[in-house]
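A.B. asks: Just need the structure, nothing else, for what follows:
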Amino acid sequence: MKIIYFDCFMGISGDMTLGALLDVGADQALFRKRLSTLGLDGYRLEIGKKITGGIEATDVSVILEEHGHTHHRHAHRHLPDILNIIANSGLSPRVRETSARIFKRLAEAEARVHGSKPEDVHFHEVGAVDAIVDIVGSTILLELLDWPKVVSSPMPTFHGYTKAAHGVIPLPAPATLEILRGVPWRKRDIEGELATPTGAALITEIAHEFSNLPGMTIEKIGYGAGKSDFGTANALRVMLGESSEEKSAPSSFVSVVETNIDDMNPEFYQSVMEKLFAAGALDVFMTPIMMKKSRPGTLLAALCAPEDARKMADILLAETSSFGVRISESERVCLERRRKEVDTEFGKIGIKIGEKNGMIVTASPEYEDCRRAAVEHDVPVKLVYETAIDVFRKQKAAPTENLAT
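C.D. replies: Numbers count the residues shown, from 1 in each chain. Purely as a prediction, here's the structure:
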């Protein structure tokens, strides 16, 4: 299992996260291309290198521009404005959903601090273009790294004061402290802001756990530079590699595109399913359901890669009587798959084999091969099936292999 460890020895911010994930190997050109689908303008992204405390780190800056003049004035937005920008982007469903959850986490913290509702929070710093780029950009970079499991170190303690839109506030900032409620801290006691609200919201949303460095084989190391000078190395360090613990079955994320139908000619379903499969659907299935006014209906669903979700939605809207579809993401845990052919008295039959950690968990003959052989030899399909699996069991090379059927 791929794992990435966030070593927040000097805290975390949005630009530090961008820099660290780029430095550890995420593709910069693809990052810029996907970020452009947000449709935001009035800024430019500067990516370079910086020496901090003797360590070279990737330094990322979001420079805001207006009427040809560079400035750092923060645009004011409310939560619905930001969620609308994310929802209307061309990003994958998982990036949109993760980014939206991070901003909702920020809004909820601000609302608790200021005694208001999340949708009414006037975002100030965290609602500016640079924070949108930081949050959505960090999520894009995790996707480019194939969504590794994120583990974070405890947060370093810090103190002091900082000037914000509401005046001078204590550090950690009230919103940061609210977001990090329940997260372990490690004593550093540095004067100055180490963890920003944006960084806190990012790490609490993406991290599976907060702990010391987990058992892993480190393959790549990246550093994201911070902006302040504390007289020591100011960077976020990330380590990317493989978990050295016993591997679980590999998982991936798929999109589920579905709709409820109660007024379509049933003869049309075959055509819809064929078009969905032709467009790349991993699976298509129908479930009988009971809809409003006690009408019997059908839940038509397609499983697909996240990047194909909108294409599946377009097919469902064009080919069925539905007025809308739902798109969600699900984690799919899969066995490692391979195929082997066995020679039987009915000819060659393919066997689908599912493995975990090199051990066979399940195996089953290919139905189409069994059906073809049954027709050719005028025998029942189940006889071909049972013969093929029996031959496979006898031919297993390793006597220690397990087989569950």
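
A.B. asks: When you work out contacts or count neighbours from here on, use the C-alpha atoms and nothing else.
C.D. replies: Fine.

A.B. asks: And the strands in the stretch 201-350 of the chain?
C.D. replies: 209-210, 216-225, 235-243, 251-261, 283-290, 296-304, 326-333, 336-344, 347-356 (DSSP state E, counting those that start in this stretch).

A.B. asks: okay, those strands, which one's buried deepest?
C.D. replies: Of the strands of the stretch 201-350 of the chain, the one with the most neighbours on average (mean count of other Cα atoms under 10 Å) is strand 235-243, at a mean of 23.

A.B. asks: so what secondary structure elements neighbour that one?
C.D. replies: strand 2-7, helix 14-23, strand 216-225 (3 or more Cα pairs under 8 Å, 6 or more residues apart in numbering; DSSP states H and E).

A.B. asks: Parallel or antiparallel, list what pairs with the first one.
C.D. replies: Looking at strand 2-7 with DSSP bridges, its partner strands are strand 149-152 (parallel), strand 235-243 (antiparallel).

A.B. asks: To residue 348, which of those lies closest?
C.D. replies: Nearest to residue 348, of all the strands paired with strand 2-7, is strand 235-243, at 38.4 Å by Cα to Cα.

A.B. asks: so who does residue 136 touch?
C.D. replies: 35, 95-96, 99 (Cα atoms under 8 Å, 6 or more residues apart in numbering).

A.B. asks: Could you tell me whether residue 363 really is in a strand?
C.D. replies: Yes: per DSSP: H, G, I helix; E, B strand; the rest coil, residue 363 lies within a strand segment.

A.B. asks: Number of residues surrounding it?
C.D. replies: 21 (other Cα atoms under 10 Å).

A.B. asks: What pLDDT is listed against it?
C.D. replies: Residue 363 is assigned 91 on the pLDDT scale.

A.B. asks: cool, and residue 64?
C.D. replies: So, for residue 64, pLDDT stands at 80.

A.B. asks: and if you look at the one 4 residues further on?
C.D. replies: With respect to pLDDT, residue 68 has a value of 45.

A.B. asks: Look up how far residue 277 lies from residue 285.
C.D. replies: 11 Å (Cα to Cα, to the nearest Å).

A.B. asks: Let me have the strands of the stretch 201-350 of the chain in a markdown table, extended by distance to residue 113 and mean pLDDT.
C.D. replies: Listed next are those as a markdown table, based on distance: least, Cα to Cα, whole Å; pLDDT from 0 to 100:
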| stretch | distance to residue 113 | mean pLDDT |
| --- | --- | --- |
| strand 209-210 | 24 | 92 |
| strand 216-225 | 29 | 96 |
| strand 235-243 | 27 | 96 |
| strand 251-261 | 35 | 88 |
| strand 283-290 | 45 | 95 |
| strand 296-304 | 41 | 95 |
| strand 326-333 | 32 | 86 |
| strand 336-344 | 48 | 87 |
| strand 347-356 | 48 | 89 |
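
A.B. asks: For those strands, give me a markdown table that also has distance to residue 156.
C.D. replies: A markdown table is the format used below for the strands of the stretch 201-350 of the chain (distance: least, Cα to Cα, whole Å):
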| stretch | distance to residue 156 |
| --- | --- |
| strand 209-210 | 12 |
| strand 216-225 | 16 |
| strand 235-243 | 12 |
| strand 251-261 | 32 |
| strand 283-290 | 46 |
| strand 296-304 | 41 |
| strand 326-333 | 32 |
| strand 336-344 | 40 |
| strand 347-356 | 39 |
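
A.B. asks: Quick one: closest of those strands to residue 173.
C.D. replies: strand 235-243 (19.2 Å).

A.B. asks: Can you spell out which helices and strands pack onto the helix or strand that contains residue 393?
C.D. replies: For residue 393, the enclosing helix or strand under DSSP states H and E is helix 381-395. The contact analysis (3+ Cα pairs under 8 Å, 6+ apart) places helix 381-395 against strand 336-344, strand 347-356, strand 359-365, helix 367-377.

A.B. asks: hmm, 6 Å instead?
C.D. replies: Helices and strands touching helix 381-395, by 3 or more Cα pairs under 6 Å, 6 or more residues apart in numbering; DSSP states H and E, are helix 367-377.

A.B. asks: and the helix it packs on, what other elements does it pack with?
C.D. replies: Going by 3+ Cα pairs under 6 Å, 6+ apart, helix 367-377 lies up against helix 381-395.

A.B. asks: switch to 7 Å and redo it
C.D. replies: strand 347-356, helix 381-395 (3 or more Cα pairs under 7 Å, 6 or more residues apart in numbering; DSSP states H and E).

A.B. asks: Figure out which of the ones you listed is closest to residue 187.
C.D. replies: That would be, of the helices and strands packed on helix 367-377 and by Cα to Cα, strand 347-356, which comes in at 41.5 Å.

A.B. asks: The closest one pairs with which strands, parallel or anti?
C.D. replies: Short version: by DSSP bridges, strand 347-356 pairs with strand 336-344 (antiparallel), strand 359-365 (antiparallel).

A.B. asks: can these go into TSV with extra columns for distance to residue 308?
C.D. replies: Below are the strands paired with strand 347-356 laid out as TSV (distance: least, Cα to Cα, whole Å):
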stretch	distance to residue 308
strand 336-344	23
strand 359-365	29
